[in-house]
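Novice: Take this sequence and fold it.
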Amino acid sequence: MRSIWNGAISFGLVSIPIKLVNATESHSISFRQIHTEDNGRIRYRKVCELEDREVSQAEIGKAYEDADGTIVPITDDDLSHLPIPTARTIEIVAFVPTDRIDPLQMGAAYYLAAGGAPAAKPYTLLREALKRSNKVAIAKYALRGRERLGMLRVVGDAIAMHGLLWPDEVRAPEGVAPDAHVTIRDKELDLADALMDTLGEVDLEDLHDEYREALEEVIAAKASGEAPPQAPEPAAGGKVLDLMAALENSVRAARESRGEQPTGTEAEVRPLPRRAAPKAAGGKKSTSTAKKTPTAKKPEPARKSTSKTASKAASKTVQGAKKTTAKKTTAKKTTAKKTASRKRTA
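Specialist: Residues are numbered from 1 along each chain as shown. Now for the predicted structure:
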């Protein structure tokens, strides 16, 4: 692999000569611009506007155009002697945990190759130190006319560097999330979890660029004078208005794609364990919990009410009977007194 930049890693008082190598490559198919009438190539020529002639790449340099139109030539030698420490140095400024890096900041990836035998020892030292600390190194470096931020981490037996955007270059996600208030039911979350569980994990090595493969087939067919393959007709389907139905159909389709037999007309949903989260005040109970709650116990208060009514009625009956008995007893006593009084009178 060809290096695109030579310099050194500054690690405290340690300097490690390195070469910067691209860690990624593009496999995309590029097209040429042609004249559609005769397939002639369309080319862009670099012409000097003062001499009105085409110039070669060796004659082309860099310059800065001032606001008044003044041209200030800048040479590669000028750039290599910039008065900053990162002109030819990847200067490590800190070591931080990996989760401190926002993935939105990550850009182009490079491998850092040791620059010769003397660099092997300090290169290995930095690599093993990064491994043992489970941290990444944050560094500053200059490349292609500007100072940049980078992250150094271990990949196999090599040190890789990811270009990072400066924090102020990452936009805040304002106005991106939907403004409307939406309520998500536990049943919908259960179906979404079931779909995630059904899809499962994937080995990234098994993924490939299907668009590029299809484009290669079209190019090969046209090159051999054959008709290019036609795209299959998309499956006709109505607009899904029910989110629950869409989730259930997705779970069923995912299971069928994995060779699993459908369990019925509806997708079988197994509630997954909830993640620990604070309960919202006044929130609705889980649908699954509501199903388990028996409803046959509700008539119990009516039974208690009936028994209380019966006991009250019985109490009144007893009290009424006592009063009736008391009245009869009083009447007997009164009759006896009257009889005795009559005898005495006689």
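Novice: And the strands in the protein, which stretches?
Specialist: Per DSSP state E, the chain has strands spanning 3-11, 14-22, 34-35, 40-41, 47-48, 53-54, 62-65, 71-74, 89-97, 106-114, 135-143, 146-155, 158-164. These are given in chain order.
Novice: any chance of those in a markdown table, with distance to residue 177 too?
Specialist: Using the backbone N, CA and C atoms, a C-beta is placed for each residue, glycine as well. Formatted as a markdown table, the strands of the chain follow (distance: least, CB to CB, whole Å):
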| stretch | distance to residue 177 |
| --- | --- |
| strand 3-11 | 39 |
| strand 14-22 | 36 |
| strand 34-35 | 45 |
| strand 40-41 | 48 |
| strand 47-48 | 50 |
| strand 53-54 | 53 |
| strand 62-65 | 42 |
| strand 71-74 | 44 |
| strand 89-97 | 27 |
| strand 106-114 | 22 |
| strand 135-143 | 30 |
| strand 146-155 | 28 |
| strand 158-164 | 25 |
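Novice: Of all the ones you listed, which one comes closest to residue 182?
Specialist: Distances from residue 182 to each of the strands of the chain were compared using CB to CB; the minimum, 30.7 Å, belongs to strand 106-114.
Novice: State the distance from residue 32 to residue 76.
Specialist: Separation of residue 32 from residue 76 (CB to CB, to the nearest Å) stands at 31 Å.
Novice: likewise residue 260?
Specialist: Relative to residue 76, residue 260 is positioned 62 Å away (CB to CB).
Novice: follow-up on the earlier one: mean pLDDT lowest where, among the strands of the chain?
Specialist: Within the strands of the chain, confidence is poorest for strand 3-11, with a mean of 87 (mean pLDDT).
Novice: who's in contact with that strand?
Specialist: Strand 3-11 has contacts (CB atoms under 8 Å, 6 or more residues apart in numbering) with 15-22, 85, 88-92, 112-113, 115, 122, 126, 139, 141, 143, 152.
Novice: Report the strands that pair with it, each with its relative direction.
Specialist: Counting by DSSP bridges, the strands paired with strand 3-11 are strand 14-22 (antiparallel), strand 89-97 (parallel).
Novice: So which of those strands is the most surrounded?
Specialist: Mean neighbour count, computed with mean count of other CB atoms under 10 Å, is highest for strand 14-22 among the strands paired with strand 3-11, reaching a mean of 18.
Novice: okay, the angle between that one and strand 106-114?
Specialist: Between the axis of strand 14-22 and that of strand 106-114 there is an angle of 120 degrees, by axes from the mean of the first three to the mean of the last three CA atoms, to 10 degrees.
Novice: Tell me who's in contact with the closest residue to residue 198 other than its chain neighbours.
Specialist: Counting by CB to CB, 6 or more residues apart in numbering, the nearest residue to residue 198 once its immediate chain neighbours are dropped is residue 254, at 4.3 Å. Taking CB under 8 Å, 6+ apart as the criterion, residue 254 is in contact with 195, 198-199.
Novice: Okay, now the unreliable bits of the stretch 151-300 of the chain?
Specialist: 234-241, 261-300 (pLDDT under 70).
Novice: all helices for it, in order.
Specialist: Along the stretch 151-300 of the chain, the stretches classed as helices by DSSP state H, counting those that start in this stretch are 186-199, 210-223, 243-257, 287-292, 300-345.
Novice: related to what we said a few turns ago, wait, which of the strands of the chain is closest to residue 185?
Specialist: Where those are weighed against each other on CB to CB, the nearest is strand 106-114, at 35.9 Å.
Novice: what does the closest one rub up against?
Specialist: 1, 3, 9, 16-24, 90, 120, 123, 151-152, 155, 158-165.
Novice: With stretch 17-34 instead?
Specialist: For stretch 17-34, contacts defined as CB under 8 Å, 6+ apart pick out 1-9, 40-42, 90, 108-116, 118-119, 123, 143, 155, 160-161, 209, 212, 215-216, 219.
Novice: Okay, now it: how far is its last residue from its first?
Specialist: The straight-line separation of the ends of stretch 17-34 (CA to CA, to the nearest Å) is 46 Å.
Novice: Kindly report the same for stretch 52-61.
Specialist: Start to finish, the residues bounding stretch 52-61 are 17 Å apart (CA to CA).
Novice: so how far is it from its chain's centroid?
Specialist: For stretch 52-61, the distance from its own C-alpha centre to the chain's C-alpha centre is 49 Å (CA atoms, centre = their mean, to the nearest Å).
Novice: shift numbering so it begins at 128
Specialist: Okay, residue one is now 128; in that scheme the one you just asked about reads as stretch 179-188.
Novice: Pull out the buried positions in that stretch.
Specialist: The neighbour-count check on stretch 179-188 (16 or more other CB atoms under 10 Å) flags nothing as buried.
Novice: With stretch 252-264 instead?
Specialist: Result for stretch 252-264 [16+ other CB under 10 Å]: buried residues 253-254, 257, 262-264.
Novice: Convert the C-alpha atoms of that stretch to CSV, please.
Specialist: These are the backbone C-alpha positions of stretch 252-264, laid out as CSV (Å, rounded to 0.1, in the frame of the first residue of the first chain):
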residue,chain,number,x,y,z
LEU,A,252,5.0,0.3,23.0
LEU,A,253,2.2,2.7,22.0
ARG,A,254,0.1,-0.2,20.6
GLU,A,255,0.4,-2.3,23.7
ALA,A,256,-0.3,0.7,26.0
LEU,A,257,-3.5,1.4,24.1
LYS,A,258,-4.5,-2.3,24.3
ARG,A,259,-4.0,-2.5,28.0
SER,A,260,-5.7,0.8,28.9
ASN,A,261,-8.8,0.1,26.7
LYS,A,262,-8.6,3.7,25.6
VAL,A,263,-8.0,5.6,22.4
ALA,A,264,-5.6,8.4,21.8
